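**Student:** give the three-dimensional model of this entry:
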Amino acid sequence: MRSLFLAATLLTLTACATDPGKGKVAAEVEEVPTEQVTTPAAPAGKELAVDTSKSSIKALGAKVTAQHPIIWHSWNGSVTVDGNTLTGVSFSADMASLEADHEDLTAHLKNEDFFEVEKFPKATFKSASITEGSDAEGDWTHTVAGDFTIRGVTKRLTFPAKISVTDGEVTANTEFVMNRKDFGITYPGMPDNLIKDNVKMTISFVAPRA
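**Tutor:** This is a model prediction of the structure:
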């Protein structure tokens with residue numbers, strides 16, 4: 001009985017240690033407002049392409065025994081600037097380009113248990129609003145709300161961001177946690193190595209103005 005208790009305690013401690021959501025800001029997840037489903041507002045200003053060689057879209061997932069980083073290699077993004085104000089941000093990621101830290105896991109993430117990339121080849125985000133200030137803990141400068149689509153499910157996400165607009169470039173960075181089950185990704189994992197619901201997203205954009 002003592003050994004069983006110790007094993008359970010160790011399992012609990014390990015699970016807590018590997019949770020990607022621990023100490024991170026959680027994105028607010030809502031249904032897309034009905035009036036914006038078919039007629040999303042276009043941001044004012046000039047659209048600039050994100051330099052993907054200086055930018056990245058990454059995720060961190062976990063199961064009980066380990067964390068697993070994921071990166072997307074093929075994607076494009078844009079920001080919209082009106083004067084010195086960022087008014088829009090968007091991206092479209094090729095789901096087949098995702099890569100995890102193990103080859104077998106990469107293949108598994110692409111099948112029907114997770115992202116089902118043959119049926120849902122793209123993940124997209126388009127901002128609906130960008131406002132100055134943030135209630136989240138940290139040195140965030142703005143709050144971004146927008147529509148994120150993955151695996152055919154679209155939800156309105158609200159999260160903090162650190163944004164800078166200079167004469168030479170626009171930078172936008174964020175890190176937040178979301179629940180994979182909100183987007184229909186419900187595969188539980190192995191009974192002795194369950195998958196965490198939380199996934200940490202880390203996004204970094206650099207868009208030259210010249």
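**Student:** quick one: contacts of the longest strand along the chain?
**Tutor:** In the chain, taking DSSP state E as the definition, the longest strand is strand 153-165. By CB atoms under 8 Å, 6 or more residues apart in numbering, the list of residues contacting strand 153-165 from outside reads 25, 27-33, 81, 84-86, 125, 128, 130, 134, 136, 138-148, 170-174, 176, 178, 182-184. For every residue, glycine as well, the C-beta is placed using N, CA and C.
**Student:** what segments of this structure are helices?
**Tutor:** 2-17, 34-37, 103-110 (DSSP state H).
**Student:** pLDDT averaged over the last one - what is it?
**Tutor:** Think helix 103-110. For helix 103-110, mean pLDDT is 97.
**Student:** give the contact list for Val29.
**Tutor:** Going by CB under 8 Å, 6+ apart, Val29 touches Lys155, Arg156, Leu157, Met178, Asn179, Asp182.
**Student:** burial count for the last one?
**Tutor:** Right, the one you point to is Asp182. Neighbour count for Asp182, taken as other CB atoms under 10 Å: 16.
**Student:** for the second one, same thing?
**Tutor:** Counted with other CB under 10 Å, residues neighbouring Arg156 total 17.
**Student:** what residue lies at the spatial centre of the protein?
**Tutor:** Most central in the chain under CA atoms, centre = their mean is Met201, positioned 3.6 Å from the mean C-alpha point.
**Student:** what bridges to that residue?
**Tutor:** Beta-bridge pairing of Met201 under DSSP bridges involves Ala59, Phe176.
**Student:** swap in Ile195?
**Tutor:** Lys63.
**Student:** quick one: residues contacting it.
**Tutor:** Ile195 sits in contact with Gly61, Ala62, Lys63, Tyr187, Pro188, Gly189, where contact means CB under 8 Å, 6+ apart.
**Student:** Thr106 now?
**Tutor:** Here Thr106 is in contact with Leu98, Glu99, Ala100 (CB under 8 Å, 6+ apart).
**Student:** so of these, which ones are in strands?
**Tutor:** Leu98, Glu99, Ala100.
**Student:** and Ala210, what pLDDT?
**Tutor:** Ala210 carries a pLDDT value of 78.
**Student:** same deal with Asn193?
**Tutor:** At Asn193, pLDDT is 75.
**Student:** what about it, how many residues nearby?
**Tutor:** 12.
**Student:** you'd agree it is up against Thr65?
**Tutor:** Yes - between Asn193 and Thr65 there is a contact under CB atoms under 8 Å: 5.4 Å.
**Student:** just to revisit the earlier point, could you flag which of the contacts of Ile195 are buried?
**Tutor:** Among those, the ones that count as buried by 16 or more other CB atoms under 10 Å are Gly61, Ala62, Lys63.
**Student:** give the contact list for the residue nearest to the centre of the chain.
**Tutor:** Contacts for Met201 (CB under 8 Å, 6+ apart) come out as Ala27, Ile57, Lys58, Ala59, Thr174, Glu175, Phe176, Val177, Met178.
**Student:** any idea how far Gly83 is from it?
**Tutor:** The gap separating Met201 from Gly83 is 29 Å, by CB to CB, to the nearest Å.
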